[in-house]
Every structure is written in C-alpha cells, then in structure tokens.
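Asks: Fold the following, please.
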Amino acid sequence: MRLPLATLEVFTAIARHGSLRAAADALNLKPSTVSHQLKTLEEQLGLALFIRTTRSVSLTEAGRALIRGAGPAFDQLTDAVESARTTGHAARGALKLAMADHVYDLYVSPALPSFCAAYPEIELEFCISDALTDLVEEGLHAGFRIGDRIAQDMVAVRLTPPMALAVVGSPDYLARQGEPDTPRDLLHHNCIRYRFHSSGRIAPWEFQGKEGVYSVDVRGNLINNTLPASIDLARQGLGLAYTFRDYVAQDIASRKLMPVLETHLAGTPGIYIYFPREYRSMMPLRLFMEHLREHVVQN
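Replies: Okay, the predicted model is just below:
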C-alpha cells in the first residue's frame, strides 16, 4: 500500500508531544483533524497505536514499534526538505564551473584566495576545457566563454571588456627568422597553432584590415590544445604564438616574448559568465560572480 505520510506525521507528533491537543498545536491543526487522522491510520493498519484514557495517551506495543522507525524517518525527511529549501540560497554548497585555461589563469585563480577566505563553506569545482560544454548535461552550474560563443537560452553576464590579441615570439626566434611586417608574412614563419578540444578545428589567426577582419591560414610544425603549451613553445624559440595579450603581458614586460604585427590585430569580445536561467538566484553563483567582477575591476 502507499505510505500514509500525512497520518504518520500526525502519529509521530502525538507520540512526541504526549497528547492530541499538543500535537494539533505543533502541527497547526484542529484537534478534531488530528483525532480523525489518527483514527484513519489505525484503521489502515488494522491495529491500535495508542491507549487513550481521560488523562493521558500512551503508546501500545505496535505504536512503540512504529515510532522507532517513523520518528527518525520523519527527522530525515524534515532535514531533506530544509536542505532543498535552502540549497542555493545560502553562502554554502557546491559550485561547479567550466572554463578555459586562460580564464582560470587570468581571472579566476587570482581571485580564489580572497573568495575562499570570505566563503569557506562554498565548495568550488573546476572543469578546465575550451569545449563548449553542455552545462545541464554535465551537471555544471556555470561556465566562462567569449561573448559571441554563448547559447541564446543562457543568461550571460559580462566579466571583462573586449580583449586585445597578440602575436608573440622569443627574441631568439625573431633574430633568426626576422619580424613579419604584415600578416601575410606569417606564411613564411613557423606558427604554433591551437586545436579546439570540442570541434577539433584549428583556431584561426585573425587580423584587422581596411576591409574588416580577415584570417591568415598559417602553417607550422607544432599544434597543441592548451594556451600554456603554446606560450611555452614560443618562449623556447620554436615559433610564433597567437594569443590574448593579457595572457602574455608579463612575458612581454620581461622581454621573454616580443609582440609583432601590433597594428594589424583585431580584438575579441570580452569574457562572459553564462548559466541556465534556473540558477539566477543561486547564492554561491551570485557571490562568486560579484567577487570575480570586483576583482577584475580592481586589477
């Protein structure tokens, strides 16, 4: 038979409070309703659960057996309902995020010490990949992507302004091979190319000209699928890399890498945080977004 949850709740309240009237007060019910619910449960089970006198109500053997199991079960149900009610509405719980490695390195990693100190009960999990992840299918709460790559059914919140690009090479490489004067000169250079995880296609090298944005079909003997590897290969003098300028700002400042073709480079849309509409009020996500945006502005 189906579990008589409503009547079991009344039975548990009577057993714990010692009387029908006290149970009615605890459940915010009329005493007659409590009496009717108890009678219904006893009829369903075919046995008496209480011995009633004019002064007291006490459990029968069957009643004591039932409360031993029903009491802890209702405590667990109460905890589960409360947990569901507060999940996403307090500064605690799990937050699962998808992002590319450059987003983690540039924006997320620097903000983590202060965020974790402020919200120690929020558990963060990162899925580091450039793949256009299906957040719902993968059980993730939010992701970070370039603005023009976000599905229309997602909420998108801007994190950064448009991002500058850069073509960089080591001083040693440029001394050996010479600096390209125009993007077309890249056809005579060893270009370190990037392959996207999800699509498997090679990332285009795009430039800004008089007629708009155009791409150059560069070539080279090195292909990888992480930006850190591309930059490392460029530092070693093995070719030119195409990347976000902020990602190599320190290398440029220290002259480990030299920018070329600076007047020919197009920008990209900024980084956005995106998430399903159902997570708009999720407190851990809201706190993380606010903290991250403040950190980006300050730095």
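
Asks: How about residues contacting the helix or strand containing Val34?
Replies: With secondary structure defined by DSSP states H and E, Val34 is part of helix 31-45. With CB atoms under 8 Å, 6 or more residues apart in numbering as the test, helix 31-45 has contacts from 1, 4, 6-8, 10-11, 13-14, 20-21, 23-24, 27, 48-50, 62. Using the backbone N, CA and C atoms, a C-beta is placed for each residue, glycine as well.

Asks: same thing with stretch 20-29?
Replies: So stretch 20-29 is in contact with 9-10, 13-14, 16-17, 30-31, 33-35, 38, 57, going by CB under 8 Å, 6+ apart.

Asks: what pLDDT, on average, does the host helix or strand of Phe144 get?
Replies: Assigned by DSSP H and E, Phe144 belongs to strand 142-146. Averaged across strand 142-146, pLDDT comes to 90.

Asks: go on, stretch 155-173?
Replies: 93.

Asks: that older thread, give me the buried subset of the contacts of stretch 20-29.
Replies: Taking 16 or more other CB atoms under 10 Å as the criterion, what is buried in the contacts of stretch 20-29 is Glu9, Val10, Ala13, Ile14, His17, Val34, Ser35, Leu38, Val57.

Asks: Could you save the residues you listed as TSV and add columns showing pLDDT and distance to Ser199?
Replies: Shown next, in TSV, are those (pLDDT from 0 to 100; distance: CB to CB, whole Å):
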residue	pLDDT	distance to Ser199
Glu9	82	54
Val10	85	59
Ala13	85	59
Ile14	86	64
His17	82	64
Val34	86	63
Ser35	88	68
Leu38	87	64
Val57	81	70
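
Asks: Identify the farthest-apart pair in the contacts of stretch 20-29.
Replies: Farthest apart among the contacts of stretch 20-29 by CB to CB are Arg16 and Lys30. That separation is 18.7 Å.

Asks: any idea whether the most centrally placed residue in the chain is helix, strand or coil?
Replies: Against the mean C-alpha coordinate of the chain, by CA atoms, centre = their mean, the closest residue is Leu97 at 2.7 Å. Reducing the assignment at Leu97 to three states with DSSP: H, G, I helix; E, B strand; the rest coil gives strand.

Asks: again with Pro180
Replies: Applying three-state DSSP: Pro180 is coil.

Asks: Surely it touches Leu186?
Replies: Yes - here Pro180 reaches Leu186: they are 5.5 Å apart, a contact under CB atoms under 8 Å.

Asks: Overlap in contacts, the two.
Replies: Counting by CB under 8 Å, 6+ apart, the residues touching both Pro180 and Leu186 are Val167, Leu240, Leu261.

Asks: Export these to JSON lines and append columns for neighbour count, distance to Tyr119 and secondary structure.
Replies: Putting those into JSON lines (neighbours: other CB atoms under 10 Å; distance: CB to CB, whole Å; DSSP: H, G, I helix; E, B strand; the rest coil) gives the following:
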{"residue": "Val167", "neighbour count": "27", "distance to Tyr119": "39", "secondary structure": "strand"}
{"residue": "Leu240", "neighbour count": "28", "distance to Tyr119": "42", "secondary structure": "strand"}
{"residue": "Leu261", "neighbour count": "22", "distance to Tyr119": "43", "secondary structure": "coil"}
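
Asks: Might you report the residue contacts of the closest residue to Leu8 other than its chain neighbours?
Replies: Excluding the flanking residues, the one nearest Leu8 by CB to CB, 6 or more residues apart in numbering is Ala70, at 5.4 Å. Counting by CB under 8 Å, 6+ apart, Ala70 touches Leu8, Phe11, Thr12.

Asks: Identify those among the residues you listed that sit within helices.
Replies: Leu8, Phe11, Thr12 (DSSP state H).

Asks: residue boundaries of the helices in this structure?
Replies: Counting by DSSP H, the chain has helices at residues 5-17, 20-27, 31-45, 61-86, 101-103, 109-118, 135-138, 171-177, 227-235, 249-253, 283-298.

Asks: Compare the ones in helices among the contacts of Ala70 and tell me which is most surrounded.
Replies: Using other CB atoms under 10 Å as the neighbour test, those are led by Phe11, with 27 neighbours.

Asks: How about the contacts made by it?
Replies: With contact set as CB under 8 Å, 6+ apart, Phe11 has these partners: Gln37, Leu38, Leu41, Leu49, Gly63, Leu66, Ile67, Ala70.

Asks: Can you list the low-confidence ranges for the stretch 151-299 of the chain?
Replies: Low-confidence segments of the stretch 151-299 of the chain, defined by pLDDT under 70: 152, 297-299.
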